[in-house]
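> okay, predicted coordinates and the sequence, questions at the end:
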Amino acid sequence: MKIIFFVKEGILGFKRARIAVTVGILSIALSLSLIGGFGIVAQNLSDLFRQYYKKAVIEIFINPSLKTDQINQLTKNIQKSTAVEHAKFISPEEALKDFEKDFGADLVTVLDENPLPPSIRVTLTAEASDLENTDAIVETIRRMDGVDDVVYQREILKVINEYFLIGIIISLTLGVVIFITATLLIFNTIRLTIYARRTIIEIMKLVGATNYFIKGPFIMEGIIQGMIGGGFACLLMWFFGNLIKSLFAPNLIIPLYFYFSVLGIGTFLGFLGSYFSVNKYLQY
Amino acid sequence: MIEIFNASVQIENKYLLHNVSLKIQKGEFVYLIGKTGSGKTTLLRLIYMDLFPSKGNIIVQSFSSSNIRRKQIPYLRRKVGVVFQDFKLLFDRNVFENVGFALKVVGANRRQIKSRVLSVLTQVGLHHRRYHMPKNLSGGEKQRVAIARALVNEPFILLADEPTGNLDPHVSLEILDLLEDINRKGTAVLMATHNYSLIKKYPHKTFMLDNGYLNEHKLWT
């Protein structure tokens, strides 16, 4: 009975304060789009960094005298590390082919022999691909039997790593600022919607409605408002995401959970905003 | 039934009420007269505990201002009906819904709401106007709706704060007739007004508030 009353009154509240509610929903949608849009940019930039990182390969040059089973064993040992995503043996012949493909020169004609040693190429998992981890893994591999030398693009990794760290700090700061701004905007919008109907709260108090009964419809209204605002924000994200994707960022990804998160955040902020705003009018 | 003991209300440095004491018995009709700003509304607010005294105590049936918990206030208000000069109606609901709203928010079911609302609308003479919107009602009719809403929870007392303040003399008398009728049926009435000539029609115990001081007015009692 009470829940039905809350839902009915919540929905009726929409009809009764059409303009205030519409403006409210729009500003919630815009605020949430801001959060969502920022999330998408941060997520895609982070993915981009990780992709660059993954391209950084650790090249392990092994002793040419190692037999096939020893090479297999060494590859297996390297592969055992949880940080290693992929380890592949590259024979001197394959290395030569790669060289010729990259540089176009025919080494054997010039030198009469293939000077390239056998090697194992290692890529690291995204989780392990920070500089400290990479250094530690390289050091472990360097100490393994049969390993002559380990080469990796430490300086490039270092630069990427530094940019990534700066990126994370900027994103977090921006993210917090955007989230707080959007939350305040949503709270304020809901507060104004409730302020517009403070007479009904006053009457409810006068006729002896309990706080629970007064809050119910407003909280329900806030939840619905937040949910609809979230829905609109999802539509905006979807529309502009696809537009940007087709125009200049074909690799842009908007994961499905982003839509659900925006919807969830909208609903939650709608609940919190209405809860605190209606409480303001319930001193006695 | 209602007892006010030496109640003072001080807001910032200003006293709105000074050591006010008042007793209202079951079924009594009491006028509270005084100029605008003399403290009438403040006194009424103390009774429905929208305001608490800085000093003194208010007892309304089993509730006392000195120890009432916030959660108990709605239950006190179900026993005290309040009407105002500006009616405080919901202008997006019709007469029936305005009155029924007071029952709805205290958890009454649809059947109870229908029977109580129709009965109380009959009592105030608005049964035939139950589906009209407030904007289509006259001032007197709006006040009748407000009175019906205040009565629908069957309070033991009706507090009327300048109920005729927005009405012309003829309609004001009709509202007073209605309040008199309500009182005859057993509900106590405390009516605050600054319209001294109006209340001469039905003389009752009268108190006068002057700058926050309360004295019994001996003119008609």
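Thanks, I have the structure now.

> tell me the contacts of residue 158?
I went with chain A, as the question did not name one. A:Leu131 (C-beta atoms under 8 Å, 6 or more residues apart in numbering or on different chains). Bear in mind the C-beta positions are built from the backbone N, C-alpha and C, glycine included.

> looking at chain B here, not the other one
B:Gly81, B:Val82, B:Val83, B:Ile147, B:Ala150, B:Leu151, B:Leu179, B:Ile182, B:Thr187, B:Ala188, B:Val189, B:Leu190.

> and the fifth one, how many residues sit next to it?
Counted with other C-beta atoms under 10 Å in any protein chain shown, the burial measure for B:Ala150 works out to 27 neighbours.

> narrow the contacts of B:Leu158 to those in helices?
B:Ile147, B:Ala150, B:Leu151, B:Leu179, B:Ile182 (DSSP state H).

> low-confidence stretches in chain B?
B:218-221 (pLDDT under 70).

> filter the ones in helices among the contacts of B:Leu158 by proximity to chain A?
Residues of the ones in helices among the contacts of B:Leu158 in contact with chain A (C-beta under 8 Å from any C-beta of the partner chain): B:Ala150.

> top of the ones in helices among the contacts of B:Leu158 by neighbour count?
Neighbour-wise, the ones in helices among the contacts of B:Leu158 (other C-beta under 10 Å) top out at B:Ala150, 27 neighbours.

> quick one, phi/psi of the residue most central in space within chain B?
The centre of chain B sits closest to B:Leu159, judged by C-alpha atoms, centre = their mean, with a distance of 1.8 Å. For B:Leu159, the backbone dihedrals (degrees, to the nearest 10) come out as phi -100, psi 120.

> now the lengthiest helix in chain A, how far from the chain's geometric center?
Longest helix of chain A, by residue count under DSSP H: helix A:154-195. Relative to its parent chain, helix A:154-195 has a centroid offset of 12 Å by C-alpha atoms, centre = their mean, to the nearest Å.

> ok, now stretch B:188-204?
Worked out by C-alpha atoms, centre = their mean, stretch B:188-204 lies 13 Å from the chain centre.

> is it up against chain A anywhere?
No: figure legend: stretch B:188-204 not in contact with chain A (C-beta under 8 Å from any C-beta); closest approach 15.2 Å.

> buried sites along that stretch?
Neighbour counts over stretch B:188-204 (16 or more other C-beta atoms under 10 Å in any protein chain shown) mark B:Ala188, B:Val189, B:Leu190, B:Met191, B:Ala192, B:Thr193, B:His194, B:Asn195, B:Leu198, B:Ile199, B:Tyr202 as buried.

> what's the spacing between the closest residue to the first one other than its chain neighbours and A:Phe99?
It stands for B:Ala188. In space, B:Ala188 comes closest to B:Ile157 once its chain neighbours are excluded; the distance is 4.1 Å by C-beta to C-beta, 6 or more residues apart in numbering or on different chains. To A:Phe99, B:Ile157 is 101 Å away according to C-beta to C-beta, to the nearest Å.

> more neighbours, those two?
B:Ile157 (25 against 16).

> does that one really touch B:Val82, like I thought?
No: with contact defined as C-beta atoms under 8 Å, B:Ile157 does not reach B:Val82; the gap is 9.5 Å.

> give the residues shared as contacts by these two.
Counting by C-beta under 8 Å, 6+ apart, nothing touches both B:Ile157 and B:Val82.

> quick one: which of the buried residues of stretch B:188-204 is nearest to A:Ile200?
Closest approach to A:Ile200 among these (C-beta to C-beta): B:Ala192, at 24.3 Å.
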